[in-house]
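Visitor: Provided below are the primary sequence and the corresponding predicted coordinates.
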Amino acid sequence: MSLPMALGISMTPAELELVAMEELVDIVPLFRSDRIRLISGTYGPFRPPTKTKVPLWLAANLKLKKKCRLVAPAWLSVEFLHERLSQETSAEGFSSLPFRFAEISKVMLDVASDDLQNADKIRGLLKDLREARQAKSREGLRKLDHLTLGLPHLCSMEINEIRPFFVKAMDVMGKIKSEAVPQHLSRQEIQQDEGF
């Protein structure tokens with residue numbers, strides 16, 4: 001299927017979720033088994049009630065078959081998310097979150113909300129956190145210049161959302177800057193003027 005030009009630059013949310021499915025998460029198996037060898041690695045042994053790390057796709061599959069319980073990462077708790085939300089609303093920069101927190105939390109809430117304490121509260125805090133971070137990224141884009149963009153601690157979903165705008169804006173700004181440079185100046189003089 002052909003995508004519109006603006007979307008061709010970025011991955012879809014479903015594609016980002018697929019990439020995030022390779023992240024390792026903890027599960028508590030509800031079955032006994034020795035190690036399992038898969039293309040992506042060897043996982044196990046599976047002995048209840050001992051935790052084991054598996055890729056998110058395997059954890060989701062086992063959960064849907066009622067073969068395990070997912071263990072929420074430390075960052076997927078009401079306390080942690082509330083702390084990050086207060087940082088987002090009070091501090092200027094972005095708070096530090098796992099790079100794929102949006103995708104992992106979506107999968108975990110969709111598949112294993114019964115394994116998470118206060119799943120509805122977590123959903124609400126994630127929504128508020130996302131809105132606060134989107135407002136900050138929009139503000140950061142308003143301060144865009146043609147040389148750099150400093151938005152540390154963005155997650156993959158946020159980077160993907162601003163990528164089409166960012167690519168187009170940097171292209172336009174580069175054109176404007178090149179048109180504004182007098183023809184008689186050398187490249188070295190331009191770089192000295194810009195502080196290189």
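Guide: That came through, no problem.
Visitor: can we go C-alpha only for contacts and neighbour counts from here?
Guide: Noted.
Visitor: neighbouring strands - and their directions - for the longest strand anywhere in the chain?
Guide: Ranked by residue count and defined by DSSP state E, the top strand of the chain is strand 24-29. When pairing is defined by DSSP bridges, strand 24-29 lines up against strand 52-55 (antiparallel), strand 68-71 (antiparallel).
Visitor: nearest to Cys155, of those?
Guide: Cys155 lies closest, by CA to CA, to one member of those: strand 52-55, at 19.2 Å.
Visitor: output the contacting helices and strands for the next helix or strand after the closest one.
Guide: Later in the chain than strand 52-55, the nearest helix or strand by DSSP states H and E is helix 56-64. Judged by 3 or more CA pairs under 8 Å, 6 or more residues apart in numbering; DSSP states H and E, helix 56-64 is in contact with strand 24-29, strand 68-71, helix 101-112.
Visitor: need the strands paired with strand 24-29 in a markdown table with distance to Asp110, can you?
Guide: Formatted as a markdown table, those follow (distance: least, CA to CA, whole Å):
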| stretch | distance to Asp110 |
| --- | --- |
| strand 52-55 | 16 |
| strand 68-71 | 12 |
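Visitor: now those in a markdown table, with mean neighbour count?
Guide: Formatted as a markdown table, those follow (neighbours: other CA atoms under 10 Å):
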| stretch | mean neighbour count |
| --- | --- |
| strand 52-55 | 18 |
| strand 68-71 | 22 |
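Visitor: shaky segments in the protein?
Guide: Applying pLDDT under 70 to the chain flags the ranges 1-9, 141-151, 166-167, 169-170, 180-196.
Visitor: what about 90?
Guide: For the chain, the stretches flagged by pLDDT under 90 are 1-14, 16, 91-94, 134-196.
Visitor: can you give me the helices in it?
Guide: Secondary structure of the chain (DSSP state H): helices at 5-8, 13-20, 56-64, 78-90, 101-112, 119-142, 156-180, 187-193.
Visitor: mind listing what's buried in the fifth one?
Guide: Along helix 101-112, the positions that meet the burial threshold by neighbour count (16 or more other CA atoms under 10 Å) are Phe101, Ala102, Glu103, Ile104, Ser105, Val107, Met108, Leu109, Val111, Ala112.
Visitor: return the distance of the third one relative to Arg47.
Guide: I take that to be Glu103. 28 Å (CA to CA, to the nearest Å).
Visitor: picking up where we left off before, got JSON lines for the helices of the chain, with distance to Pro29 too?
Guide: Formatted as JSON lines, these follow (distance: least, CA to CA, whole Å):
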{"stretch": "helix 5-8", "distance to Pro29": "39"}
{"stretch": "helix 13-20", "distance to Pro29": "21"}
{"stretch": "helix 56-64", "distance to Pro29": "8"}
{"stretch": "helix 78-90", "distance to Pro29": "24"}
{"stretch": "helix 101-112", "distance to Pro29": "14"}
{"stretch": "helix 119-142", "distance to Pro29": "21"}
{"stretch": "helix 156-180", "distance to Pro29": "29"}
{"stretch": "helix 187-193", "distance to Pro29": "60"}
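Visitor: out of those helices, which gets nearest to Ile36?
Guide: Closest approach to Ile36 among these (CA to CA): helix 56-64, 11.1 Å.
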